[in-house]
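Asks: quick check, what structure comes out for this input:
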Amino acid sequence: MGIKRLSAETIKKIAAGEVIECPTDIVKELVENAIDAKPSRIFIDIRGGFQRLEGSIRVVDDGVGIAGEDFNNLFERHSTSKIVGLDDLLGLNTLGFRGEALASIGAVCRVELASRIDRSEMGNRVVCDNGKKVEFEPCAMPEGTIVNVKDIFKHLPARLKFLKTDRVELNKITHLITHIALFYNSLSFELVINGARSFYSPSSEGEPLVRIADLFGYEIADAMTEVIHRDGDVRVEGFISAPDITRGNSRNMYIAVNGRPVNDREIIYAILNAYKGLLPDRRYPTAVVNVIVPTDMYDVNVHPRKSEVRFRDVRRVTGIVYKGISRALSSAIKFRSAVLGASSISSPSSKSSTFRKSETALSREDLTLKSGESHIDVNGDSLREYKYVGYIGKKYVIYSGRDDLYIVDQHATAERLLFNQLVSVYESGSAKTQVLLIPKPIYLSPEREQTLSFIRADLERLGYDFDEFGDKFILLRGIPSLLPRHEEVLLLEDILDGLDIDRIKERGIYCVLAEISCHKSLRSDRRLSPEEADKFFNDLLVLPDDQRRCPHGRRLMMVISEEEMDRYFGRR
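Replies: Sure, this is the predicted structure:
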């Protein structure tokens with residue numbers, strides 16, 4: 001086939017696909033346009049059903065509207081009120097600027113837009129479908145703009161096929177609005193999903209911690225430390241959590257550059273470096289950090305969806321971020337040490353180390369399958385031909401047999417054994433609950449609430465016991481009797497924060513059980529006594545071959561035969 005010029009319609013669809021990949025991108029573009037209109041309030045109403053073309057997005061703001069004479073250019077590509085020429089990009093102070101948002105959305109969806117400016121008695125309404133204006137008329141409405149988007153990706157079926165489930169898409173939208181709201185405290189945000197208010201946060205101008213409390217709960221807000229650091233023409237501002245407030249993933253690290261919410265790995269890495277030595281492995285802080293730089297020091301026009309930026313001198317910027325976070329942490333730790341005593345200060349070996357208490361408190365019964373609760377019949381004579389040798393470091397237990405050497409990954413093995421127990425009680429419906437003496441409240445962010453609603457019945461079947469506790473909390477009254485009573489709130493928060501809804505749909509409850517067994521099983525830094533090690537190895541030996549891996553797929557044991565040793569030393 002020879003080289004041909006694409007039709008204008010095809011070009012428009014391809015361009016739209018670069019800017020709009022999923023419903024979250026539509027919400028992002030519309031909310032950014034709303035913010036640029038300088039409103040006091042933004043309302044977002046989302047209806048699910050995107051894969052069935054039943055979903056819809058509605059964004060309402062009370063900002064400066066769109067004049068009637070500008071409606072002609074609304075859905076034209078590269079039509080914008082933000083810049084005039086290339087030089088304007090150097091002094092950009094708006095979130096939108098390329099004039100692609102409405103054109104791209106209109107090319108793949110049906111868009112109804114109504115807007116009125118303050119000096120006009122009437123507003124105007126226009127409908128764009130498949131890139132063409134099909135309706136235009138005056139309308140009565142208050143000052144501001146209303147945008148309704150339906151038939152999302154109806155005109156781009158290839159994109160429709162790759163949409164995630166509603167729960168995933170709605171979680172992404174919730175995370176996006178949270179990210180934006182954290183850096184625009186002067187605005188009121190309300191998010192409604194499927195008719196239910198997901199969150200409402202009124203204006204908190206001058207009180208950023210109030211917004212953090214609205215979105216994350218007062219426990220986290222109370223543990224935040226302010227960051228204010230300047231180095232020449234670069235400033236770092238925001239809030240970071242104390243080292244003993246951690247999460248199981250980095251989703252609570254929110255970054256902005258000059259108030260523009262972005263995903264910047266370099267800045268996140270600089271923040272994590274500042275926490276080095278204060279957090280246990282695979283734990284992350286909560287951070288709301290705005291990096292303020294001269295507009296000529298970065299380029300926001302490097303990504304189709306403006307979700308990334310490029311710094312002219314990234315090493316200088318990340319170095320300043322690192323220094324600002326480090327100083328704030330140092331001041332916070334000194335203050336907490338003076339007020340609470342050194343024992344309260346977080347370090348990998350202290351209270352903040354996730355699950356560390358439960359690791360050292362586990363008994364031999366906690367580590368292994370209990371014969372009374374398992375389908376496995378443990379033969380007490382099976383260890384007679386094996387001898388416990390010791391450890392390599394703190395991770396691997398060594399045994400010798402008649403002709404073989406056995407190297408066991410103790411954490412992966414404990415994980416498999418606990419997983420088997422959890423599966424057994426879940427499938428048999430024999431789970432027992434240990435009641436907490438003092439029920440513990442757990443804050444439910446909108447994302448946590450969606451995840452909990454999906455797995456709550458399974459968690460209760462496993463032995464968890466919850467009660468409703470106000471709008472944004474649940475009350476944890478009991479946990480499965482198989483689990484040690486330490487860090488139970490943190491474990492549940494990690495499950496709600498870390499699980500991917502698509503993964504749960506694919507693997508069901510078993511991915512939840514795998515997460516629990518990973519967090520609550522014997523860790524790699526605790527050595528067993530010889531007696532515990534013998535019982536531990538015995539439980540491993542009776543596992544069938546198809547269970548000789550942990551739930552995440554890692555091998556439990558390595559066997560080196562005498563013949564292999566002979567070959568290695570050149571004796572055969």
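Asks: gap between the two ends of stretch 452-472?
Replies: By C-alpha to C-alpha, to the nearest Å, the extent of stretch 452-472 from end to end equals 12 Å.
Asks: before we move on, what about stretch 115-128?
Replies: 14 Å.
Asks: please work out which residues outside that stretch touch it.
Replies: With contact meaning C-beta atoms under 8 Å, 6 or more residues apart in numbering, stretch 115-128 is reached by 64-68, 71, 74-75, 102, 106, 110-114, 133-146. C-beta: built from backbone N, CA, C; applies to glycine.
Asks: now do the lengthiest helix in the chain: distance to the chain's middle.
Replies: If you go by DSSP state H, the chain has its longest helix at helix 314-340. Counting by C-alpha atoms, centre = their mean, to the nearest Å, helix 314-340 is centred 24 Å from the centre of its parent chain.
Asks: and the residue nearest to residue 449 when sequence neighbours are not counted, backbone torsions?
Replies: Leaving aside its sequence neighbours, residue 449 sits nearest to residue 198 (C-beta to C-beta, 6 or more residues apart in numbering; 7.8 Å). When read as degrees, to the nearest 10, the backbone of residue 198 gives phi -80, psi -50.
Asks: pull out the buried members of the contacts of stretch 115-128.
Replies: 64-66, 68, 71, 74-75, 102, 106, 110-114, 141, 143-146 (16 or more other C-beta atoms under 10 Å).
Asks: among the residues you listed, which lie within strands?
Replies: Members of the buried ones among the contacts of stretch 115-128 lying in strands (criterion: DSSP state E): 110-114, 144-146.
Asks: is the residue nearest to residue 449 in contact with residue 191, as I believe?
Replies: Yes: between residue 198 and residue 191 a contact is recorded at 4.4 Å, counting by C-beta atoms under 8 Å.
Asks: what stretches of the stretch 301-450 of the chain score poorly on pLDDT?
Replies: 301-306, 334-384 (pLDDT under 70).
Asks: in it, which spans are helices?
Replies: Taking DSSP state H, counting those that start in this stretch to define them, one finds helices in the stretch 301-450 of the chain at 314-340, 356-361, 364-367, 410-428, 446-462.
Asks: which of these is buried the deepest?
Replies: Each of the helices of the stretch 301-450 of the chain was scored by mean neighbour count; the highest is helix 410-428, a mean of 22, by mean count of other C-beta atoms under 10 Å.
Asks: give the other helices and strands that that one contacts.
Replies: Helices and strands touching helix 410-428, by 3 or more C-beta pairs under 8 Å, 6 or more residues apart in numbering; DSSP states H and E, are helix 364-367, helix 446-462, helix 509-520, helix 530-541.
Asks: would you tell me which of the ones you listed gets closest to residue 254?
Replies: With C-beta to C-beta as the criterion, residue 254 lies closest to helix 446-462 of the helices and strands packed on helix 410-428, at 13.1 Å.
Asks: I'd like to know which elements the closest one is packed against.
Replies: helix 166-182, strand 196-201, helix 410-428, strand 465-468, helix 488-498, helix 501-507, helix 509-520.
Asks: which parts of this protein belong to which domain?
Replies: 8-201, 223-344, 360-559 (automatic domain parsing).
Asks: one step back: shared neighbours of residue 198 and residue 191, anything?
Replies: 174, 446.
Asks: higher neighbour count, those two?
Replies: Ranked by neighbour count (other C-beta atoms under 10 Å), residue 198 and residue 191 place residue 191 first, with 25 against 21.
Asks: go ahead and confirm the more buried one touches residue 214.
Replies: No: using C-beta under 8 Å, residue 191 makes no contact with residue 214, being 11.5 Å away.
Asks: if I look at the two, which residues touch both of them?
Replies: Common neighbours of residue 191 and residue 214 (C-beta under 8 Å, 6+ apart) are 199-200.
Asks: could I get the contacting residues of the residue lying closest to residue 32 once chain neighbours are set aside?
Replies: The shortest distance from residue 32 to any non-neighbouring residue, by C-beta to C-beta, 6+ apart, is to residue 95 (3.8 Å). By C-beta under 8 Å, 6+ apart, the contact set of residue 95 is 32-33, 35-36, 260, 306.
Asks: mind doing that once more with 10 Å?
Replies: Neighbouring residues of residue 95 by C-beta atoms under 10 Å, 6 or more residues apart in numbering: 28-29, 31-36, 82, 101, 180, 184, 258-261, 300, 306.
Asks: which ones among those residues map onto strands?
Replies: Those of the contacts of residue 95 lying in strands (DSSP E): 260-261.
Asks: what's the ChimeraX line that selects buried ones from the contacts of residue 95?
Replies: For the buried members of these, the matching ChimeraX selection, counting by 16+ other C-beta under 10 Å, is:
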select :28,29,31,32,33,34,35,36,82,101,180,184,258,260,261,300,306
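Asks: and residue 179, what pLDDT?
Replies: On the pLDDT scale, residue 179 is placed at 95.
Asks: low pLDDT regions in the stretch 101-250 of the chain?
Replies: Short version for the stretch 101-250 of the chain, where the test is pLDDT under 70: none.
Asks: same question for the strand ranked longest in the chain: list its buried residues.
Replies: Across the chain, the longest stretch assigned as strand under DSSP E is strand 433-443. Buried residues in strand 433-443, counted by 16+ other C-beta under 10 Å: 434, 436, 441-443.
Asks: correct me if wrong: residue 187 contacts residue 177.
Replies: No: look at residue 187 against residue 177 with C-beta atoms under 10 Å: they stay out of range, at 11.3 Å.
Asks: okay, and the common contacts of these two?
Replies: With C-beta under 10 Å, 6+ apart as the test, residue 187 and residue 177 both reach 31, 42, 201.
Asks: and those residues, which is closest to residue 478?
Replies: Checking these one by one against residue 478 (C-beta to C-beta), the nearest turns out to be residue 201, at 32.1 Å.
Asks: so who does that closest one touch?
Replies: Counted by C-beta under 10 Å, 6+ apart, residue 201 has contacts 177-178, 181-182, 185, 187-191, 210-215.
Asks: sec struct for the residue nearest to the spatial centre of the chain, please.
Replies: Geometric centre of the chain, nearest residue: residue 251, 3.3 Å, by C-alpha atoms, centre = their mean. Using DSSP: H, G, I helix; E, B strand; the rest coil, the structure places residue 251 in coil.
Asks: phi, psi of it?
Replies: According to degrees, to the nearest 10, residue 251 has phi -70, psi -20.
Asks: the residue nearest to residue 32 looks like it's in a strand, true?
Replies: No: per three-state DSSP, residue 95 lies outside any strand segment and is coil.
Asks: report pLDDT for it.
Replies: Reported pLDDT for residue 95: 79.
Asks: which residues in the stretch 101-250 of the chain form helices?
Replies: Using DSSP H, counting those that start in this stretch, helices in the stretch 101-250 of the chain cover 101-108, 157-161, 166-182, 208-216, 218-222.
Asks: packing partners for the second one?
Replies: Helices and strands touching helix 157-161, as assessed by 3 or more C-beta pairs under 10 Å, 6 or more residues apart in numbering; DSSP states H and E, comprise helix 8-19, helix 101-108.
Asks: cool, thanks, talk later.
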